[in-house]
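> Give the three-dimensional model of this entry:
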Amino acid sequence: MGKRSLPPAKPCPERLIFTWETTANDGSVRALKRQGEGVRVLPGREFSAQKFSPLGNVLLVHRRRLEGLRQRHGKLLRHPLVRVLLCAPRRELRVPPSGVFDILDDPPESADLTLSLHRAFDDLAKTRELLEARRLLSAQEETIRKILAIGARLSQERDIETLLSAILDEAIALSNADSGSIAVLGLDTDLRKTPEAAGKLTFFLSHNHSVKIDFVRSSMEVSNRSLAGFTVLKKRCLNIPDAYEIDPEAPYQFHRAFDQKHGFRSKSMLLVPMVNAQGEVLGVISLLNKKERASKKIDYVRFKPEQVLPFTEEDERSLASLGSQATVALENALLYRDIENLFEQFVHASVSAIEARDPSTSGHTFRVTDYSLRLAQAVNSERHPKLRVRFTPAEIKELRYACLLHDFGKVAVREAVLLKAKKLEPDRLLAVVSRFELRKARVLLDAEARVRALWEDRALEDASRAKRIEAARREAAEALAGVNSERDLMLSANEPSLLTEEKSHLLNGLRDRVYPLPEGGELPLLDPAELAALSVPKGSLTLEERREIESHVTHTYKFLKAIPWTKNLARVPEIAYGHHEKMDGTGHPVGLTARDLLPQARIMAICDIFDALTAADRSYKKAIPLPDALKIIEDEVERGKLDPVLHEIFLKHRIWEDPRETHPSG
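This next block holds a predicted model:
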C-alpha cells in the first residue's frame, strides 16, 4: 500500500462518528457516545478534511446516500483512517460493497450498532499502529539514505577545513539543531599535528542558525570535567535534556559564561564522539537546542523553554552513524594531507638534489615555478578573445609539480658537462696552456742555442757577432709574442661569449700548430676535439654536450612517468616534457608543434626562458637586463616559437614582479 498523508487539518483529540439521515435509533447512538471515551458524533454534512480526526473516523451512511457521498468525498473516503458503516436491509445486501466496512440493519439494533462501531474503531486503531510503524520505517529509511548520501559527499572532500564545516552542517541539518560546534583532537588551530596540540581538544568551528556569534578557535586539555572531554574519554554520545539542570553529582558541568556573554540559552545538548576503527577519538561534534523544524529560528531574547526539544534516542543513533561516516572521511582527508606533505617533501628534496649538483642555477626551479603559477592565475583572470583556457585548482597543482620537477633529469647528466662553465674543461685547459709554455720554452732554447753558437764562432768579428745576436734575440721575442698572442686567442675563444668570425678564422689558423715534446718529436698544439670545443660559436657546450644537456628533458620524463600519479596529476610528466618545445616544432626533444603542446607547457616555456636570461646567479654569464630579456622573448614570439597570447598576458601582468621575491624588475 502506498504511503498516505493525513489531510492538512488541525489534529483532533477525539474519534469522530459522522451520521447521515438513517433510520438508526438516536437513543442507541447517544448510548454509544456515553459509553465511548473520546468519541464525538457530528452531522454527516460536516464531514470534510477540516473536520477529520487522525484517531479515526466512522461514517454511518444510509444506502441511498452512499453513491452521492462517493462522488463528493471519494478521495477522503479512501483514506485509511475512514470506515464506512452502511445502513441497509441485510436481505438486500449480504456482502458489503467496495469501501464499506460493515452492513447494519435499517434501523440497526443498538447492540449491533455498538458492536460494529467498536469493531470499526478497533480496526482503525490497528491501522494507526500500522501507519505509524510505516512512518517510522520510512523516516528511518530516509535517515539512512541521508546518512549514506552524506557519507558519499564527505568521502569526496579532501580539504580538511571544508570537510569539518560540511560535517557540522550535515549534523545540524540531520538533528534539527539550532547550533553546533566541532572540535578535533591532537590538531592545533591551523589543523596541524604539533607536540603542543597532543592530547588537546581544539574547538575549530561553530555554526549558529538563530544568532550571529563571533567564534574564536581555542584549545583545552581533555578532562571529564568538561562535556566534550567526558565524551572523548567515554567514547560515547552524551545526551543532555537541559544544560542548566545537570545533576550536581555528574563529573561534568556546563559553564554558562558563553551564554551570558552572547545572550544565548543552551538547553538540549547532544555530543557525539568521532571514533575510528582502532577506537581512537578524532574529535567531537556538539549540537545545541533541537528544534521542531530546521528552518525555525529561536528567539533567545524572549526565550521560552518549549521552543527547544530534547534530542531523542533516534537522534543519538543517527548522529552516531554520521559520526562514524565523518570519522572515516576525516581520517581519509588527514591521510591524504599526510601523503601530500610527504610527497611535497620528496619534491623539495628532489629540487635540492638537482640544485646541489648545479649550484650555478640555484633558485631557478623555484623562480620558474613562481612565474608559471602567477602566469596561470593571470590567465584565469583574463577574458582575452583568443584565450580558450581556464585552469582548475587541480590543473594549477599539476603545473606546480611539473615546474618543480622539470629539471630533475639533470641528475642523469655528467657533472662535468652540467657544470661546464667554459669551452674547455679545467684540466684540458691546463694541458693546452702547458703546450703553449712548451712552445715558448722551445723558442727560448732555440734562441739561446743560436746566441751560444754565435759566441763560439771565432771567425766572426765582434761587430758582426753583436748584430747577429741582437737579430736572434729579436726574432725570439717576436716568436714569443706570437705564441702569447695565440695563447690569448685560445683563452679568449675558451670563454662562453659570442665567437666572432675574425676570432674563428684566427682560431682555425692554429690547426697546423705543433708543440715540442720534451723527449723529442712534436704533436698538434690542439687536437680535433679541443679545436671543435673552442670553435663553438656561442656558449660553452659542444654539439654532443648540448645534446647531453638537452637529454635531461627525456630523463625527467622517464623519471616522472615511473611515478604512479593520481588521476588529477596524470599530466605532470607531459607538461614537464614540453618545457623546451617550441610552437613551430623547432624545440626539443620531440619537436612538438602548437597543436600538441599543452597550455601549461607553453607557460613553462616562456617562464623558463625568461629566468635563464635574467637570472643573476649564473657563474658563467651575467644577467641580461630586463628590457633586453623581454626583447629576446618578443623576438621568439614573432618568430612563432612562443605563444603570443600568453606572452601578451605575461607583459600585461608584469609576471616578473613579485613583492615576496627579489626578482628582476623594470
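> What helix or strand is the residue of the chain most remote from its centre located in?
In the chain, the residue that sits farthest from the middle, by CA atoms, centre = their mean, is residue 459; the gap is 100.0 Å. Residue 459 belongs to no helix or strand when assigned by DSSP states H and E.
> what about the residue nearest to residue 373 when sequence neighbours are not counted, how many residues close to it?
Among residues not flanking residue 373 along the chain, residue 400 sits closest, at 6.0 Å (CB to CB, 6 or more residues apart in numbering). Yep, even glycine has a C-beta here, placed from its N, CA and C like the rest. Residue 400: 20 surrounding residues under other CB atoms under 10 Å.
> do the one 5 residues further on as well
Using other CB under 10 Å, residue 405 has 24 other residues around it.
> residue ranges for the strands of the stretch 51-200 of the chain, please.
For the stretch 51-200 of the chain, the strands defined by DSSP state E, counting those that start in this stretch occupy 57-62, 82-87, 102-104, 177-185, 200-208.
> Please list the residues outside the fourth one that contact it.
Contacts of strand 177-185 from elsewhere in the structure, counted by CB atoms under 8 Å, 6 or more residues apart in numbering, are 164, 167-168, 171-172, 191, 199-210, 215, 222, 228, 232, 270, 281-291, 297-298, 308, 311, 330.
> What of the second one?
By CB under 8 Å, 6+ apart, the list of residues contacting strand 82-87 from outside reads 22-24, 56-63, 66, 76-77, 93, 96-97, 99-108, 116-117, 120, 123-124.
> And the buried ones among these, selectable in ChimeraX?
The buried residues among the contacts of strand 82-87 can be selected in ChimeraX (16 or more other CB atoms under 10 Å) with this line:
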select :22,24,56,57,58,59,60,61,62,63,66,76,77,100,101,102,103,104,106,108,116,117,120,124
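> So, low pLDDT: which residues of the stretch 1-150 of the chain?
Low-confidence segments of the stretch 1-150 of the chain (pLDDT under 70): 1-13, 21-37, 90-94.
> Tell me which stretches of it form helices.
Shown for the stretch 1-150 of the chain, the helices assigned by DSSP state H, counting those that start in this stretch span residues 26-35, 63-77, 110-155.
> Put together CSV for those helices, with distance to residue 17 on each row.
What follows is the helices of the stretch 1-150 of the chain, written out as CSV (distance: least, CB to CB, whole Å):
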stretch, distance to residue 17
helix 26-35, 8
helix 63-77, 15
helix 110-155, 7
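> hmm, back to that, give me the PyMOL select line for the contacts of strand 177-185, limited to the buried ones.
To isolate the buried subset of the contacts of strand 177-185 in PyMOL, counting by 16+ other CB under 10 Å, use the following:
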select buried, resi 164+167+168+171+172+191+200+201+202+203+204+205+206+207+208+209+210+222+228+232+270+281+282+283+284+285+286+287+288+289+290+291+298+308+311+330
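> In helices only, show me the contacts of strand 177-185.
Members of those lying in helices (criterion: DSSP state H): 164, 167, 168, 171, 172, 228, 232, 330.
> Looking at those residues, spot the one nearest residue 542.
Comparing the ones in helices among the contacts of strand 177-185 against residue 542 with CB to CB places residue 330 closest, at 57.7 Å.
> Residue 167 is in contact with the closest one, correct?
Yes - here residue 330 reaches residue 167: they are 7.3 Å apart, a contact under CB atoms under 8 Å.
> Please report phi then psi for the spatially closest residue to residue 599 that is not a sequence neighbour.
What sits nearest to residue 599 in space, not counting adjacent residues and going by CB to CB, 6+ apart, is residue 389, at 4.8 Å. Dihedral pair for residue 389: phi -140, psi 140, per degrees, to the nearest 10.
> And for residue 389, the neighbour number?
Neighbours of residue 389 using other CB under 10 Å come to 17.
> Residue 598 versus that one, what's the distance?
Distance of residue 389 to residue 598, computed by CB to CB, to the nearest Å: 10 Å.
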